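K.L.:
need a structure here:
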Amino acid sequence: MPKRKARQRDLTAPIRTPMIAGGLFVIDKAYFERLGTYDTQMDIWGGENLEISFRVWQCGGSLEIIPCSRVGHVFRKRHPYTFPGGGSGNIFAKNTRRAAEVWMDEYKKYYYAAVPLATNIPFGDIDDRLQLRKELQCKPFRWYLEHVYPQLGIPERRNNGSIRQGVYCLDSLGNVAGAVVGLYSCHGNGGNQNWILNRKGELKHHDLCLTLVKFTISARYNSVLMKYCDDSENQQWHLKDGGLIQHRKINVCLDSRHMKERGITAERCNSALESQRWKVVTEVQ
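P.N.:
All right, here's what the predicted structure looks like:
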């Protein structure tokens with residue numbers, strides 16, 4: 001809090017950050033080389049931001065955003081190169097898997113829960129990166145979670161995975177605040193279909209929670225939207241026997257009947273309705 005107040009007084013002050021972009025930063029050349037430069041076994045791009053951010057923090061450095069700096073980044077309309085190994089998705093999975101295997105210790109299981117596709121993607125040899133970590137006497141990933149990014153939290157083992165209704169899965173449809181959620185064919189790759197139902201009753205996707213916006217008995221629909229998690233009662237749900245996902249304070253359950261018109265809504269709980277029966281498929285063991 002003192003740092004935030006100081007920041008309010010001086011808007012040009014550096015901002016410590018747990019993560020940076022992987023290709024847009026300034027670093028002392030000698031320090032960069034001592035730190036191990038880039039992981040040269042990563043392909044094209046994707047995941048290098050995670051790897052270098054974990055490495056800097058865990059190995060004694062720090063990362064800062066300089067508010068007054070300006071960097072231009074122009075994207076091409078098309079890639080001037082090809083992606084080996086099955087496209088950009090597989091490249092991203094390979095690269096991020098390397099970062100997880102080297103730096104995340106026992107917490108890498110949460111990565112695999114969020115990106116199940118990665119378990120089938122070869123990630124190459126990491127012995128030299130593990131040796132680098134040992135030589136630099138880097139801290140464990142738990143230290144990163146506790147001291148660098150404590151706001152991130154650690155997903156709970158139970159009810160972390162997909163929420164299914166037949167062959168369809170609850171899908172964030174892009175994880176946009178204020179938007180509805182819907183059903184999409186289950187693909188088993190996590191992403192928009194990875195959810196956490198935690199002990200507080202929050203049904204979370206990243207930093208957004210499924211929120212009962214308003215409830216009216218006479219209403220045809222009761223809206224459920226993605227909102228930033230704020231510990232409010234509107235964001236508290238629990239999984240009942242029979243697969244109902246019920247609001248903790250009001251007798252309404254998640255319902256897919258009106259999905260085409262309004263996305264997933266909340267309606268009076270009725271265990272006889274298939275549209276209210278869900279199956280949570282836990283990914284983290």
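
K.L.:
rest of the way, CA atoms for contacts and neighbours
P.N.:
OK.

K.L.:
and the spatially most central residue of the chain, what pLDDT?
P.N.:
Residue closest to the mean C-alpha point of the chain, counted by CA atoms, centre = their mean, is H206 at 4.5 Å. If you check H206, the pLDDT there is 84.

K.L.:
what separation is there between it and Q41?
P.N.:
Distance from H206 to Q41, counting by CA to CA, to the nearest Å: 28 Å.

K.L.:
likewise V252?
P.N.:
With CA to CA as the criterion, V252 and Q41 are 51 Å apart.

K.L.:
which parts of the longest helix along the chain are buried?
P.N.:
Using DSSP state H to define each element, the chain has its longest helix at helix 88-103. For helix 88-103, a neighbour-count test (16 or more other CA atoms under 10 Å) marks 88, 90-103 as buried.

K.L.:
tell me the one of those nearest N159?
P.N.:
Proximity of those to N159 was ranked by CA to CA; the top entry is A100 with 21.7 Å.

K.L.:
so that closest one sits against A114, correct?
P.N.:
No: assessed by CA atoms under 8 Å, A100 is found out of contact with A114, at 11.9 Å.

K.L.:
now L24. Nearest residue, chain neighbours left out?
P.N.:
Spatial nearest neighbour of L24, excluding adjacent residues (CA to CA, 6 or more residues apart in numbering): V71 at 7.6 Å.

K.L.:
mind listing what's buried in stretch 123-131?
P.N.:
Applying 16+ other CA under 10 Å to stretch 123-131 flags 123, 129 as buried.

K.L.:
start and end of it, how far apart?
P.N.:
First-to-last residue span, stretch 123-131, CA to CA: 17 Å.

K.L.:
run through who's touching that stretch.
P.N.:
Residues outside stretch 123-131 that contact it (CA atoms under 8 Å, 6 or more residues apart in numbering) are 39, 41, 94-95, 97-98, 102.
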